[in-house]
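S.K.: structure of the sequence below:
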Amino acid sequence: MRSSPVRAGQLSRSAAEGIRLWYTKGMDALLSRITIDPAICHGKPCVRGLRYPVETLLELLSSGMTIDEILADYEDLERDDLLAVLAYAARLARTRRLQPVAP
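M.R.: Sure thing, here's the model as predicted:
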């Protein structure tokens with residue numbers, strides 16, 4: 001018996017679950033690089049306790065610097081550190097609903 005071909009945008013339930021699991025574990029591994037310690041940078045989220053706040057690295061990325069440029073300037077950072085910063089920002093941006101603030 002032949003299985004039907006998978007169309008674009010369709011995955012079997014087990015394949016979709018496998019991708020979700022792989023994505024979640026990968027994200028968890030990246031997010032473990034982000035540390036929060038009240039004794040470092042006033043408790044701001046930082047990369048591996050190295051005193052590089054997530055906020056600062058996001059500003060560098062949003063200013064147009066490439067990952068390679070940042071890595072060249074900050075030799076103790078790794079590519080996965082910057083990917084962790086992006087993953088952290090993505091996790092923070094995940095919201096169900098925004099409430100407008102009354103003026």
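
S.K.: burial count for the nearest residue to E78 once chain neighbours are set aside?
M.R.: Excluding its sequence neighbours, the residue lying closest to E78 (CB to CB, 6 or more residues apart in numbering) is L71, at 7.6 Å. In short, each C-beta sits where N, CA and C put it, glycine included. Residues contacting L71 under the criterion other CB atoms under 10 Å number 16.

S.K.: give me the residues contacting the helix or strand containing L71.
M.R.: In the assignment (DSSP states H and E), L71 maps to helix 67-73. Helix 67-73 is contacted by residues 57, 60-61, 77-79, 82 when judged by CB atoms under 8 Å, 6 or more residues apart in numbering.

S.K.: go again using 7 Å as the cut-off
M.R.: The contact list for helix 67-73 (CB atoms under 7 Å, 6 or more residues apart in numbering) reads 60, 77, 79, 82.

S.K.: list the buried residues of it.
M.R.: For helix 67-73, the neighbour count (16 or more other CB atoms under 10 Å) marks 67, 70-71 as buried.

S.K.: kindly report the same for stretch 74-84.
M.R.: By 16+ other CB under 10 Å, the buried positions in stretch 74-84 come out as 74, 77, 81-84.

S.K.: for the spatially most central residue of the chain, which non-adjacent residue is closest in space?
M.R.: In the chain, the residue lying closest to the centroid (CA atoms, centre = their mean) is A87, at 0.7 Å. In this structure, A87 finds its nearest non-sequential neighbour in L30, 4.4 Å apart by CB to CB, 6+ apart.

S.K.: so what sits opposite the closest residue in space to G49 that isn't next to it in sequence in the bridge?
M.R.: Once flanking residues are discounted, G49 sits nearest to T35: 4.8 Å by CB to CB, 6+ apart. T35 has these beta-bridge partners by DSSP bridges: C46.

S.K.: surely T35 meets G43?
M.R.: No - assessed by CB atoms under 7 Å, T35 is found out of contact with G43, at 10.3 Å.
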